[in-house]
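Enquirer: sequence and predicted model, in that order:
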Amino acid sequence: MPERKYDKYFYSYERSREAMERNSSGPIFQIDGNTWKGCNAGVGGFFRPEEEISNPKEYLWWSGHPPHVHREAEILLHIGTNPNDPSELGAEIVLYLGPELERHVITRSTIVFIPPNFIHCPWTPVRTWKPWIHLEFHQSLFPSEKGFWQILPEEIVPKISKKDFPDRDY
Ligand SMILES: [Zn+2]
């Protein structure tokens with residue numbers, strides 16, 4: 001079919017079968033101001049039931065994205081896939097908020113609003129027993145970022161690779 005005028009506004013993503021078999025959960029798409037002019041940044045991930053993390057308490061502190069802020073707001077969506085009960089998430093996710101690292105456990109389909117310049121993370125899916133979808137949308141074309149690792153316990157900071165989480169445009 002010849003290319004039509006508005007085809008450019010459609011983006012289908014796919015993940016190879018090998019990737020799905022090798023790594024059952026993970027990101028499935030990423031968009032930003034380079035994908036479409038004027039489009040805010042977003043990431044989507046698909047989580048499948050996996051083995052439980054053996055020691056979630058230890059794991060949480062050093063895994064996932066360390067505490068950080070963005071200049072603009074961010075929205076984190078956790079969406080269950082049970083057609084009979086869309087509020088059922090089928091997973092347990094731990095999210096730390098604020099400079100106090102207030103601990104929150106998400107077990108239902110939930111949307112979390114992260115105001116501009118608000119410290120958030122680590123964010124860690126501890127357990128998944130039903131498939132669910134994670135979406136993350138920034139209210140900016142290219143998200144800025146500044147790390148706040150100094151609020152983590154002292155012994156944790158050396159375990160984080162600075163190059164994996166660089167400060168950006170802040
Ligand atoms: Zn963030």
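Expert: Perfect, I can see it now. Predicted, not measured: the structure shown is a model, and the values here were computed from it. Residues are numbered from 1 along each chain as shown.

Enquirer: helix/strand/coil for residue 8?
Expert: Three-state call for residue 8 (DSSP: H, G, I helix; E, B strand; the rest coil): helix.

Enquirer: typo on my end, residue 100
Expert: coil.

Enquirer: burial count for residue 65?
Expert: Neighbours of residue 65 under the rule other CB atoms under 10 Å: 15. The way it works is simple: take the backbone N, C-alpha and C, and place the C-beta from them, glycine included.

Enquirer: kindly report the same for the one 4 residues further on.
Expert: Burial of residue 69 is recorded as 19 neighbouring residues (other CB under 10 Å).

Enquirer: tell me the bridge partners for it.
Expert: Listed by DSSP bridges, the beta-bridge partners for residue 69 are residue 146.

Enquirer: quick one: the helices in this structure?
Expert: Assigned by DSSP state H, the chain shows helices spanning 17-22, 56-62.

Enquirer: the shortest one - what's its average pLDDT?
Expert: By that I understand helix 17-22. Averaging pLDDT along helix 17-22 gives 69.
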